[in-house]
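Sequence first, predicted model second:
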Amino acid sequence: MPKKPKSLSLANPNRFRTVQDLTQMRPDCGASIDDILVIDDELLMIVDLSHIGDILNPYNSPSASYVRIHGVIVASCMKNNTVPVFWSDPFLLLPMSHHFKEDFNVYADHGKVLGSVSCPSGSFLLLPVREDFPTPLGSLMDEALKQEAGVKIKIPNGTYRVFYEQFEVPEGAKQEFYRNIAVQRQ
């Protein structure tokens with residue numbers, strides 16, 4: 001009897017690369033240099049970074065501090081079409097790589113769709129929605145949800161690390177066009 005093929009996972013840790021340090025790209029942005037999220041009975045908000053506007057300035061505002069302490073900002077590539085957000089323990093995946101076009105069926109057998117989000121700005125904010133969530137930040141997040149530029153989802157409690165899942169890049173193409181955003185429970 002032939003062996004059953006090994007089940008593929010939602011993401012491949014062998015392709016994981018560390019996310020960039022936004023403080024080196026924009027020292028004035030006040031972004032977290034950490035790539036860790038902690039979920040403890042909260043929802044996770046994933047939103048196009050353009051929807052928080054200038055809330056990271058002034059640097060010491062309650063909203064900016066909340067984002068710096070609890071959030072992770074990930075630069076991606078500009079992608080105007082909406083992408084699904086998949087979950088299959090221990091991975092959360094945003095399939096951003098251009099080699100998928102809009103056919104995400106490759107992931108359909110490996111994960112559950114929790115929602116979808118678009119990212120025309122090229123950067124995402126991943127942010128737990130805790131009890132101490134600042135009201136001005138909450139208003140901006142609500143507006144992003146109304147415009148379908150964000151998603152609020154529930155994933156299991158735990159500590160999560162954010163990575164790029166980097167695929168092979170065709171000659172002459174940009175590296176950032178061939179990667180997904182992967183979040184792995186530690």
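Arrived safely, thanks for sending.

wouldn't residue 90 be in contact with residue 161 here?
No - assessed by CB atoms under 8 Å, residue 90 is found out of contact with residue 161, at 10.2 Å. Bear in mind the C-beta positions are built from the backbone N, C-alpha and C, glycine included.

what residues are shared contacts of these two?
residue 184 (CB atoms under 8 Å, 6 or more residues apart in numbering).

for residue 90, what are its contacts?
Going by CB under 8 Å, 6+ apart, the list of residues near residue 90 reads 184-185.

could you redo the last one with a cut-off of 10 Å?
9-11, 13, 155-156, 158, 160, 183-186 (CB atoms under 10 Å, 6 or more residues apart in numbering).

Next: residue 115.
Counting by CB under 10 Å, 6+ apart, residue 115 has contacts 46, 82, 84-87, 145, 148, 150-153.

Of these, which is the nearest to residue 172?
residue 82 (27.3 Å; CB to CB).

Spell out the secondary structure type for that closest one.
strand (DSSP: H, G, I helix; E, B strand; the rest coil).

Report how many residues lie close to it.
Neighbours of residue 82 under the rule other CB atoms under 10 Å: 15.

again with residue 68
Counted with other CB under 10 Å, residue 68 comes out at 19.

Just name the shakiest helix or strand of this structure by mean pLDDT.
Across the helices and strands of the chain, the lowest-confidence element by mean pLDDT, DSSP states H and E is helix 22-25, at a mean of 58.

Can you give the strand pairings for the following helix or strand past that helix, parallel or anti for each?
Toward the C-terminal end, the helix or strand that comes next after helix 22-25 (DSSP states H and E) is strand 36-39. Sheet pairing for strand 36-39, assigned by DSSP bridges, gives strand 158-166 (antiparallel).

which parts of the strand it pairs with are buried?
Residues 160-166 are the ones in strand 158-166 that count as buried (16 or more other CB atoms under 10 Å).
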